[in-house]
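**Student:** Fold the following.
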Amino acid sequence: MGLTSIEWTDRTWSPLRAQVKADAGKIAAEKGYTSLIQVATKMAGGIGPHCEHVSDGCKLCYSGTNNHRCLPSNGTGLPFDRRSRDLIDPVVDEKILLQPVRWQKPQRIFVENQSDLFGEWHSDEAIDRVFRIMALCPWHTFQVLTKRPDRMAKYLYRRESSGAFAPGPLSNVWLGVSVENQETADARIPLLLQTPAAKRFVSYEPALGPVDFMRIPRPDDAYFRERGEVGAIGPKSEPDDYVYWQKRLLHWVIIGGESGPGARPMNPEWVRSTRDQCVEAGVAFFFKQWGEWVSVSEVAGTGKHHTFPDGRTVRRVGKKKAGASIDGREWREFPEVRS
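**Tutor:** Residues are numbered from 1 along each chain as shown. Modelled structure (predicted):
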């Protein structure tokens, strides 16, 4: 945990962990998880992250790969799927939990980068402890990213209605959702827009398909009406309806291609389209990386190619060589921070 090479944050912080049960091998056998018996027995007592894949963007998860390799300081050896939940006990690592308090220099901190803060296996009480630390460290900016916006919204609504975060959402906590294509964007972004937050953002990574942000379904207006924010949404009949309210409700979009072995290619037009939509709507835009693939017009040489249905061709050149430049410029925008 700590300093990171992730371009849009300064540090990572994952205090919610998992410990393999002492009798995990026996449980695996009883449940018929034949392929997990050996590793569950071997790793009994081991501590690492736990998560569960929910969509295609999870396929090459770096945390899942590291966990499966049983890295000495970070691994249970178990796969990130529902079976493993039966073989672990969720735990809060007390030493990791208190790290932000000791980091006196203001930092952007990516929360639960090894897992998902709103995973079903984490109790509300465990999530409460994470939020209490974030509340105790107003000099930091905490970036929470989830693929489970339904639970995030329900959790934040309950905590807000109980007065736990009065007089409103924590001003130093940004909430975001991860999407990889139009289907996941349509499902997750409206829930994000309904969630009480100081800043809301979308991580469109790995980008596996195009996303038209203008066609994403509207969120339910009820939450905003209750708080006097209905003007941020505008009449449903307004022609440029999405641009009008997106400017107030969505503050930041990150996009990036996949990297590592087996990385899937990203169409350059998905990046340019997202950039253009953000510029039009007044939303901060951050281009993280091309990944392993880049447009053939950007680099010389030969190598593995992929041609998309629209005729655009990309070449696999590796993450470092591909870089993060769009039409001669790097985009590294952040949303404005409340004073």
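
**Student:** all strands for the stretch 101-250 of the chain, in order.
**Tutor:** For the stretch 101-250 of the chain, the strands defined by DSSP state E, counting those that start in this stretch occupy 108-111, 141-146, 173-179, 199-204.

**Student:** contacting residues around the shortest one?
**Tutor:** Defining contact as Cβ atoms under 8 Å, 6 or more residues apart in numbering, one finds that strand 108-111 is touched by 4, 6, 8-14, 100, 103, 117, 130, 134, 140-145. Backbone N, C-alpha and C define where each C-beta goes, glycine included.

**Student:** Take these and keep only those in helices.
**Tutor:** Within those, residues falling in helices by DSSP state H are 100, 130, 134.

**Student:** you'd agree the last one is up against residue 100?
**Tutor:** Yes. Counting by Cβ atoms under 8 Å, a contact exists between residue 134 and residue 100, whose distance comes to 7.5 Å.

**Student:** Which residues are in contact with each of these two?
**Tutor:** Common neighbours of residue 134 and residue 100, counting by Cβ under 8 Å, 6+ apart, are 140, 142.

**Student:** ok, which stretches of the stretch 201-339 of the chain are helices?
**Tutor:** Applying DSSP state H, counting those that start in this stretch to the stretch 201-339 of the chain gives helices spanning 222-226, 241-249, 268-281, 319-322.

**Student:** Quick check: phi and psi at residue 25.
**Tutor:** Main-chain torsions, residue 25, degrees, to the nearest 10: phi -60, psi -40.

**Student:** and what of the one 10 residues further on?
**Tutor:** For residue 35, the backbone dihedrals are phi -70, psi -10 (criterion: degrees, to the nearest 10).

**Student:** got the buried residues for stretch 119-129?
**Tutor:** For stretch 119-129, burial by neighbour count (16 or more other Cβ atoms under 10 Å) applies to 119, 121, 122, 126, 127.

**Student:** what sits against the first one?
**Tutor:** In this structure, residue 119 makes contact with 50, 51, 52, 148, judged by Cβ under 8 Å, 6+ apart.

**Student:** Does the third one lie in a helix or a strand, and which?
**Tutor:** Spelled out, that is residue 52. Secondary structure assigned from DSSP states H and E places residue 52 in neither a helix nor a strand.
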